[in-house]
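*Asks:* here's my sequence, what's the structure:
(3 chains)
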Amino acid sequence: MSAVKALLRKELRLELRTFEAIPAMTLFSIITFVVFHFALQQDTVEGSLASGVLWVTLLFASMLGTNRLFVADTEDGAMDGLLLAPIDRTALYVAKAIAFLTFLTALEIVAVPAFYLLLLGPAAGDAIPGLLAILALANLGIAAAGTLVAGLATQTRSRDLLVPLLGLPLLLPVIIAASKATAPLFAAGGAEALPGRWLAVLGLYDLVFGLLALAVFDFLLED
Amino acid sequence: MYGKGLRPLAIVTCVVLTGAFALAFFYAPMDADQGLMQKIFYVHVPMAIVSLLGFVLGAVFAIQHLRTGDRRHDLRSYVAIHLSLILGVGVLVTGSIWARAAWGHWFVWDEPTLVSFLIVFLLYCCYQPLRFAIEDPDRQARYASVFAITAGAFVPLNFLAVRLAQQYAHPRVLGSSDALPPKMRLAFLVSLLGMALLYTTLYRFEMTAKNTRLRVHSLKRRLGGDVVLGRSAAPR
Amino acid sequence: MRQTPSKAVPAIELHGLERRYGDRPALAGVTLTVQAGETLVVLGPNGAGKSTLLRVLATLLRPHGGTASVLGHALPKEAWAARKRIGYVGHDSMLYRDLSGRENLLLHARLHRVDEPEARVAEVLEAVGMSKRAGDTVHTYSRGMVQRTAVARAVLHDPEVLLLDEPRANLDPGASELVAPLLAGRTRVITSHDPSDADTADVVLGLKAGRPHPLEGLYA
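*Replies:* Predicted coordinates for the structure are as follows:
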């Protein structure tokens, strides 16, 4: 536990100092919204189209973040330094995943209001509680799977290619569930009920991938 | 030893597969709606089932590899996934032909199983590039096993999510194998057996070939020769 | 009951240690014993496996064959326990460039569960002469400063065994002198290119192509 805290502190401090991940992801999302505006030739979007635009953008932004997750650790043998410590190596995964979760939350604090302002048609104020629930569950899934993929791809030669190639299919259930759940919230006539079934799918995904990653991540670190 | 029993196995496979095709064409009745094209079902579905089972098998071997550190499990995992991928191409091709014949499009998003399969296939396509991108053979094997296990866990989640997301606009023959009339069911089951045998035979062939090659390398090395190996995605 | 004189647990004990890279042997047949407080010097040409041996002892690599134990802890089974008592300085600094020297050391102190981490870190920084620059990010340090900080990191948890990969190459003479008191009193394993280093050693191992080799003809 204290190892996770110490490592998490390091992650957050490094991000605050170098701004590797959050600004890139945030700027990317906003620019993508603009691109969608022109590509779809719509001033506003609603319903399942709105849901799709939001989730595709968040997905690709998170792939950008995933790419950078382990970069600092591979320089100067910093990871070796961590491996020399008498700690449970799963702590490395947990700390990294929590850090990524924090970055995603920071991203969404900017990106979602930007989406509301730039593209969303219906005044979906009452969609917010539901949306928060979906974002929370989806973020857990993206953090769990994304950290695992980052761990797999980081020390390979074609990291930038492999991260999206591995990450996008693995995250597809999250996107399916999240976008299906969000679509009724952005309905033209005002937010409709949130389909609970999709929250269950997200929860299941989070559980399965979280446990799987915890079990398997150690093997990526040992030599 | 892998070399033993290959020939009888291959012969049995050929016999069963021929039998399956014969049953499919001559014994099972013609489908009222789709006509002759429906016969693809007898190839497409068994191939898909065997392919998916092969991916799960790959995950099982990967777990064994990580647990015991024995590289032979990694080789088995690799071959299992590799063959499933090849069968997967067959699945997608036959699926497309069937979709075209039945519904006029080469790919239909309404068919959840086909869509799920495409996603799984795309994911496993990354297996060999991942291996190829790692030079250290031990690390390559370990990372590949981690991937095989993750992807294996992903398969059921994916099918669940896609199935929930689809609306069944077309009558689906795939899910209704219990509702098949007995003649069709027999042809289907024999075909499934044939596909499983085909997979097993190819698996054995490939394992034998790989094991032999590894033996040759190690003998060469022991004789003091230089064995220059390029980068490879296959276990060494 | 027969009384056997108590035998001190050797600091390092290797029997037929093996480590492969794919099919190639990186280390083979390494057998030696180092008692507590002794210095082992490992000599050999480039690619002989010196760094690999050190990394196995540091628990960063697992043995593929033979047995290895450090301070009575068998590797790799008891690697976790061994890590508390081993310090390692490799070719890489193992420091995060964008954190300050102090932040790096605090992180390691906490991970190693050092008592009163801030005080200990301050003490070690003083000992390597880095107190003034400890608040600056590592990426502003000169090579010598980085090396001194790396040594500081390795001795934070007061390890009984210190593993140093080519310290001469990595530490300039001034830094070496400064750092020497920190290294004293521990069991040390040092790799080197320079055969004259063998003079100060208690145990010497010559390595060539991963195998033990007598010192004559080592560099032939």
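
*Asks:* confirm C:Ala68 sits in a strand?
*Replies:* Yes: the assignment for C:Ala68 by DSSP: H, G, I helix; E, B strand; the rest coil puts it in a strand.

*Asks:* hang on, it packs against C:Leu75?
*Replies:* Yes: counting by CB atoms under 8 Å, C:Ala68 does reach C:Leu75; the two are 4.5 Å apart. All C-beta spots, glycine's among them, are computed from the backbone N, C-alpha and C.

*Asks:* settle it for me: which of these two has more neighbours?
*Replies:* C:Ala68 (26 against 20; other CB atoms under 10 Å in any protein chain shown).

*Asks:* from chain A, how far off is the more buried one?
*Replies:* Going from C:Ala68 to chain A by CB to the nearest CB, to the nearest Å gives 14 Å.

*Asks:* also B:Met184?
*Replies:* As defined by CB to the nearest CB, B:Met184 lies at a distance of 33 Å from chain A.

*Asks:* any idea which element that residue lies in?
*Replies:* Assigned by DSSP states H and E, B:Met184 falls within helix B:182-222.

*Asks:* C:Ala201 - nearest residue in space that isn't next to it in sequence?
*Replies:* Nearest residue to C:Ala201, sequence neighbours excluded (CB to CB, 6 or more residues apart in numbering or on different chains): C:Val41, at 3.8 Å.

*Asks:* before we move on, what SS does the one you found have?
*Replies:* strand.

*Asks:* so how many other residues sit close to it?
*Replies:* Residues within reach of C:Val41, counting by other CB under 10 Å, total 22.

*Asks:* kindly state the beta-bridge partners for it.
*Replies:* C:Ile190, C:Val204 (DSSP bridges).

*Asks:* doesn't C:Leu218 lie inside a helix?
*Replies:* No: C:Leu218 is assigned coil when assessed by three-state DSSP, not a helix.

*Asks:* does it really touch C:Ala209, like I thought?
*Replies:* No: judged on CB under 8 Å, C:Leu218 makes no contact with C:Ala209 at a distance of 10.9 Å.

*Asks:* list the buried residues in the helix or strand of chain B with the lowest mean pLDDT.
*Replies:* Sorting the helices and strands of chain B by mean pLDDT, DSSP states H and E puts helix B:6-22 at the bottom, at a mean of 85. For helix B:6-22, burial by neighbour count (16 or more other CB atoms under 10 Å in any protein chain shown) applies to B:10, B:13, B:16-17, B:19-21.

*Asks:* now the angle between helix B:6-22 and the helix or strand following that helix, please.
*Replies:* Going down the chain from helix B:6-22, the next helix or strand is helix B:41-68, by DSSP H and E. Interaxial angle, helix B:41-68 versus helix B:6-22 (axes from the mean of the first three to the mean of the last three CA atoms, to 10 degrees): 140 degrees.

*Asks:* for the spatially closest residue to B:Thr94 that is not a sequence neighbour, give its distance to A:Ala188.
*Replies:* Nearest-residue entry for B:Thr94: B:His44, 4.0 Å, with adjacent residues in sequence omitted and distances by CB to CB, 6+ apart. Using CB to CB, to the nearest Å, one gets 41 Å for the distance from B:His44 to A:Ala188.

*Asks:* so if I had to pick from those two, which one is more boxed in?
*Replies:* Set B:His44 next to A:Ala188 and count neighbours by other CB under 10 Å: B:His44 wins out with 24 against 11.

*Asks:* does that one really touch B:Val91, like I thought?
*Replies:* Yes: using CB under 8 Å, B:His44 is in contact with B:Val91, at 6.3 Å.

*Asks:* so how many other residues sit close to the closest residue to A:Ile134 other than its chain neighbours?
*Replies:* Distances taken as CB to CB, 6+ apart place A:Ala181 nearest to A:Ile134, at 5.0 Å, with adjacent residues excluded. Residues near A:Ala181, counting by other CB under 10 Å, number 26.

*Asks:* quick one on the thing from earlier: relative to chain C, which of the buried residues of helix B:6-22 is nearest.
*Replies:* Of all the buried residues of helix B:6-22, chain C sits closest to B:Ala10, with 31.1 Å by CB to the nearest CB.

*Asks:* please enumerate the helices of chain A.
*Replies:* All helices of chain A, identified by DSSP state H, fall at A:2-18, A:22-40, A:47-68, A:71-74, A:78-83, A:90-118, A:128-154, A:159-182, A:196-216, A:218-221.

*Asks:* ok, back up a step: quick one: the helix holding B:Met184 to helix B:6-22, angle?
*Replies:* Taking the same axes, to 10 degrees, one finds helix B:182-222 and helix B:6-22 inclined to each other by 150 degrees.

*Asks:* what packs against helix B:182-222?
*Replies:* Contact partners of helix B:182-222 among helices and strands, from 3 or more CB pairs under 8 Å, 6 or more residues apart in numbering or on different chains; DSSP states H and E: helix B:6-22, helix B:41-68, helix B:71-103.

*Asks:* thought A:Leu14 was touching C:Tyr96?
*Replies:* Yes: contact criterion CB under 8 Å: A:Leu14 and C:Tyr96 qualify, at 6.5 Å.

*Asks:* more crowded one of the two?
*Replies:* For the pair A:Leu14 and C:Tyr96, the greater number of neighbours falls to C:Tyr96 (25 against 21), based on other CB under 10 Å.

*Asks:* secondary structure class of the more buried one, three-state.
*Replies:* Quick answer, by three-state DSSP: C:Tyr96 is coil.

*Asks:* between A:Leu14 and C:Tyr96, what contacts are shared?
*Replies:* Taking CB atoms under 8 Å, 6 or more residues apart in numbering or on different chains as the contact criterion, the common neighbours of A:Leu14 and C:Tyr96 are A:Ala72.

*Asks:* can I get the buried residues of helix B:6-22 in JSON lines with distance to B:Met184?
*Replies:* Shown next, in JSON lines, are those (distance: CB to CB, whole Å):
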{"residue": "B:Ala10", "distance to B:Met184": "28"}
{"residue": "B:Thr13", "distance to B:Met184": "22"}
{"residue": "B:Val16", "distance to B:Met184": "17"}
{"residue": "B:Leu17", "distance to B:Met184": "18"}
{"residue": "B:Gly19", "distance to B:Met184": "15"}
{"residue": "B:Ala20", "distance to B:Met184": "12"}
{"residue": "B:Phe21", "distance to B:Met184": "14"}
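
*Asks:* separation between the residue nearest to B:Thr94 and B:Thr13?
*Replies:* With distances taken as CB to CB, B:His44 is found 19 Å from B:Thr13.

*Asks:* for the most centrally placed residue in chain B, give me its contacts.
*Replies:* The centroid of chain B falls nearest to B:Ser84 when counting by CA atoms, centre = their mean (2.1 Å). Residues near B:Ser84 by CB under 8 Å, 6+ apart: B:50-52, B:54-55, B:57-58, B:124, B:199.

*Asks:* highest neighbour count among those?
*Replies:* Highest neighbour count within the contacts of B:Ser84, by other CB under 10 Å: B:Gly58, with 28 neighbours.

*Asks:* who touches it in this structure?
*Replies:* For B:Gly58, the contact set (CB under 8 Å, 6+ apart) comprises B:77-78, B:80-81, B:84, B:148, B:152.

*Asks:* now do A:Phe60
*Replies:* A:28, A:32.

*Asks:* same question, the one 4 residues further on
*Replies:* When the contact criterion is CB under 8 Å, 6+ apart, the partners of A:Leu64 are A:21, A:24-25, A:28.

*Asks:* could you redo the last one with a cut-off of 6 Å?
*Replies:* For A:Leu64, the contact set (CB atoms under 6 Å, 6 or more residues apart in numbering or on different chains) comprises A:24-25, A:28.

*Asks:* among those, which one sits closest to C:Gly144?
*Replies:* Using CB to CB, A:Ala24 comes nearest to C:Gly144 of the contacts of A:Leu64, at 34.6 Å.
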